[in-house]
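>>> give me a 3D structure for the following:
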Amino acid sequence: MLEIEKIARPLRELLSEREIIARCELLIRTYDIVRSANLSQEEERELKAQVGPRIAPGIFAGIMSKEPVFFNLPVLDTYTQMNGRIFHFLHTQKFSQQDFANASSRFLRSTPFLREMLIVCMKDWLKRFMSDAGYALLAENGAHMSFSAEKRKAEAYAVSSIRSLNIDDYGIEDGADCIILAPSSESLEPFIQFFREKGELAEEKALQIWIMNLEKGTIDPFVGYTTDLDIYNLFDNPRLAEMVRNNWSRGDGQ
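All right, here's what the predicted structure looks like:
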């Protein structure tokens, strides 16, 4: 395989610099490195032949499987948890408690920048998703995007966490679908809590909340339902919102 240096080099530099790195940071930065590379069609075909149709998730999966697609990448073969986050590192390195504390502190300091990077990556993924469903991008402002298709309109928003989602900030306008895209997380707990506390109200407001699984590179419904079959057929698990409703709804009325 001809190595794509404009992806391989930044990954090597990142993993050499961050000998202990948060899983979520590595994932976000992998997306950003692939996005920033502006791959040609030939380069995309080459990488997809190696890692599958979704390049960033495929490269990340290779790193996690200890068989990275690029040569000479540090092998992150073990992990630990700090402050509710998974951190990966090379087990043969002798890290001190201070090294781990420094890695956690560095990650916390970088979270505002990582949130911005995450929003950009999610917007890029959603644009492709909506384009595949036959929608054209009409306008874009910050985390907000307007799309249109034949006889349909959609106002879409990207948020960095389900915890930060305030449904009072959103509503249906001019008959357009209101779509909110949130990223998956390392725990189901925030999603269960959100659904039980705000899921019913979100449905009453006719909001559609979708989840992007960055590790898989997929989008699925979480709350609300689409009536557009072109969108429905692109979901990885189109019945997920129904399954969530059936499994997470409180049967005791609480």
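>>> what sits against Phe235?
By Cβ atoms under 8 Å, 6 or more residues apart in numbering, the contact list for Phe235 reads 218-221. In this view, the C-beta of every residue, glycine as well, is placed from N, C-alpha and C.
>>> could you do Phe222 as well?
182, 191, 195, 209-211, 240-241, 244 are the contacts of Phe222 under Cβ under 8 Å, 6+ apart.
>>> again, only this time at 10 Å
Residues counted as contacts of Phe222 (Cβ atoms under 10 Å, 6 or more residues apart in numbering) are 162, 180-182, 184, 191, 194-195, 199, 202, 208-211, 240-241, 244-245.
>>> show me which of those residues are buried.
Among the contacts of Phe222, those buried by neighbour count (16 or more other Cβ atoms under 10 Å) are 162, 180-182, 184, 191, 194-195, 199, 202, 208-211, 241, 244-245.
>>> next step: the contacts of Phe235 restricted to strands.
In strands, defined here by DSSP state E, the members of these are 218-221.
>>> would you list those in CSV and tack on neighbour count?
Putting the ones in strands among the contacts of Phe235 into CSV (neighbours: other Cβ atoms under 10 Å) gives the following:
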residue, neighbour count
Thr218, 18
Ile219, 23
Asp220, 20
Pro221, 23
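>>> how near is Leu229 to Ala101?
Leu229 sits 51 Å away from Ala101, taking Cβ to Cβ, to the nearest Å as the criterion.
>>> oops, could you answer that again for Arg128 instead?
39 Å.
>>> equivalent analysis for Thr92, please.
20 Å.
>>> which of the two has more neighbours?
Neighbour count, other Cβ atoms under 10 Å: between Thr92 and Ala101, Ala101 has more, with 11 against 8.
>>> and the helices in this protein?
When assigned using DSSP state H, the helices of the chain occupy the ranges 5-17, 23-37, 41-51, 55-64, 97-132, 189-194, 200-204, 229-232, 240-248.
>>> any idea which of the ones in strands among the contacts of Phe235 is closest to Gln50?
Gln50 lies nearest to Thr218 out of the ones in strands among the contacts of Phe235, by Cβ to Cβ, at 19.6 Å.
>>> wait, what's in contact with the residue nearest to the closest one when sequence neighbours are not counted?
Among residues not flanking Thr218 along the chain, Asp236 sits closest, at 3.7 Å (Cβ to Cβ, 6 or more residues apart in numbering). By Cβ under 10 Å, 6+ apart, the contact set of Asp236 is 211, 213, 216-220.
>>> what does Phe107 give?
So Phe107 contacts 18, 20-22, 24-25, 82-83, 85, 87, 114 (Cβ under 10 Å, 6+ apart).
>>> which of those residues count as buried?
Neighbour counting by 16+ other Cβ under 10 Å classes 18, 20-22, 24-25, 82, 87, 114 among those as buried.
>>> pLDDT value on Ala56, please?
In this model, Ala56 is scored at 95, pLDDT.
>>> so it makes contact with Val69?
No - here Ala56 does not reach Val69: they are 11.5 Å apart, not a contact under Cβ atoms under 10 Å.
>>> turn the helices of the chain into TSV, columns for distance to Ile167.
As requested, those are arranged in TSV below (distance: least, Cβ to Cβ, whole Å):
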stretch	distance to Ile167
helix 5-17	36
helix 23-37	24
helix 41-51	36
helix 55-64	28
helix 97-132	18
helix 189-194	9
helix 200-204	5
helix 229-232	20
helix 240-248	15
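>>> and Ala176, which of these is closest to it?
Comparing the helices of the chain by Cβ to Cβ, helix 97-132 comes nearest, at 12.6 Å.
>>> so where's this structure shaky on pLDDT?
For the chain, the stretches with pLDDT under 70 are 1-3, 250-254.
>>> okay, domains of it per the record?
5-117, 133-248 (automatic domain parsing).
>>> in CSV: the ones you listed, plus distance to Asp124.
Below are the domains of the chain laid out as CSV (distance: least, Cβ to Cβ, whole Å):
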stretch, distance to Asp124
domain 5-117, 6
domain 133-248, 10
